[in-house]
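Undergrad: Mind looking at a prediction? Sequence and model below.
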Amino acid sequence: MYQESQLLVAYFFRHDKDERLRTADAILVDLLDQLLEQLPGVLDHFSAVLKKKYSERPSWNYSMLSQVFKRVITDANAGRVYLLIDALDECDESRAELLNQLQRLLCNPTVKRRIKIAITSRPHVPVQSHFTDLIRIHLKAGDLNNDITSFVEARVQELFPQADVADEVQRDLIGRADGMFPWVSLILEDFEMATTTTHQSIKERPKALPQDLPAVYKKILRKIQPKD
């Protein structure tokens with residue numbers, strides 16, 4: 001019988017700059033670290049060999065990680081578990097393994113009563129096909145406009161103290177963001193790294209900005225100097 005008072009929360013937010021976090025392995029490691037910090041007694045159920053392996057988990061494969069994850073989630077002392085996985089669409093093809101595992105876990109009626117999972121993703125990832133009672137919330141670009149506006153206003157004021165330049169850059173970015181937080185973030189980073197910061201160059205820069213994410217990534221990659 002699980003403890004009603006026990007509440008575990010774990011989340012995964014992928015960092016755009018770290019390609020190593022684009023795998024199901026990375027998601028499980030991050031979730032496990034948080035869950036076991038809140039529930040250290042779970043490791044007592046493992047053999048000494050498994051404990052040693054867990055301490056060396058960077059070398060584990062997905063199968064090993066998933067066994068530990070299942071043991072933690074199904075542990076009688078875990079209580080209620082809330083998991084948040086952000087930007088699953090940015091994960092590589094191994095995301096299918098993760099979705100399959102979560103689907104199998106939820107086939108257990110006891111686990112299903114205890115666990116709540118929130119997943120954010122672009123529509124092309126078939127999350128709904130893995131869960132029979134999924135509640136789907138579709139966010140349109142317009143729903144994010146207020147958040148993007150607040151973010152742009154704050155960052156532009158930091159980067160451009162000149163009021164007239166800041167206003168022009170701000171209007172341009174907000175008008176072209178189309179609900180894409182990553183696009184806005186990358187463009188502002190490009191501004192921050194610019195070597196030319198004259199009044200005129202800043203005002204002209206928005207005209208040359210790529211409009212979509214693939215184009216922004218290509219522009220950034222072209223700036224990377226190969227190492228000898």
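TA: Yes, it's here.
Undergrad: Tell me how many other residues crowd residue 204.
TA: 11 (other CB atoms under 10 Å). Any C-beta I mention is one placed from the backbone N, CA and C, and that applies to glycine too.
Undergrad: Where does it sit: helix, strand or coil?
TA: Counting by DSSP: H, G, I helix; E, B strand; the rest coil, the backbone at residue 204 sits in helix.
Undergrad: Residue 72 versus that one, what's the distance?
TA: Distance of residue 204 to residue 72, given as CB to CB, to the nearest Å: 54 Å.
Undergrad: Heading C-terminal from the helix or strand containing residue 68, find the next helix or strand.
TA: Per DSSP states H and E, residue 68 falls inside helix 62-74. For helix 62-74, the succeeding helix or strand toward the C-terminus, using DSSP H and E, is strand 80-85.
Undergrad: So what's the gap between that next one and the chain middle?
TA: 14 Å (CA atoms, centre = their mean, to the nearest Å).
Undergrad: ok, that strand: who's next to it in the sheet?
TA: Strand 80-85 pairs in its sheet with strand 7-12 (parallel), strand 115-119 (parallel), by DSSP bridges.
Undergrad: tell me what the helix or strand following the longest one is packed against?
TA: This points to strand 7-12. Per DSSP H and E, strand 7-12 leads on to helix 24-38 as the next helix or strand towards the C-terminus. Other helices and strands packing on helix 24-38, by 3 or more CB pairs under 8 Å, 6 or more residues apart in numbering; DSSP states H and E, are strand 7-12, helix 62-74, strand 80-85, helix 95-106.
Undergrad: next one: phi and psi at the nearest residue to residue 6 once chain neighbours are set aside?
TA: Distance criterion CB to CB, 6 or more residues apart in numbering; nearest residue to residue 6, sequence neighbours excluded, is residue 79 at 2.7 Å. Phi and psi for residue 79, reported as degrees, to the nearest 10, are phi 70, psi -140.
Undergrad: measure residue 79 to residue 72 for me?
TA: Where residue 72 is concerned, residue 79 sits at a distance of 12 Å (CB to CB).
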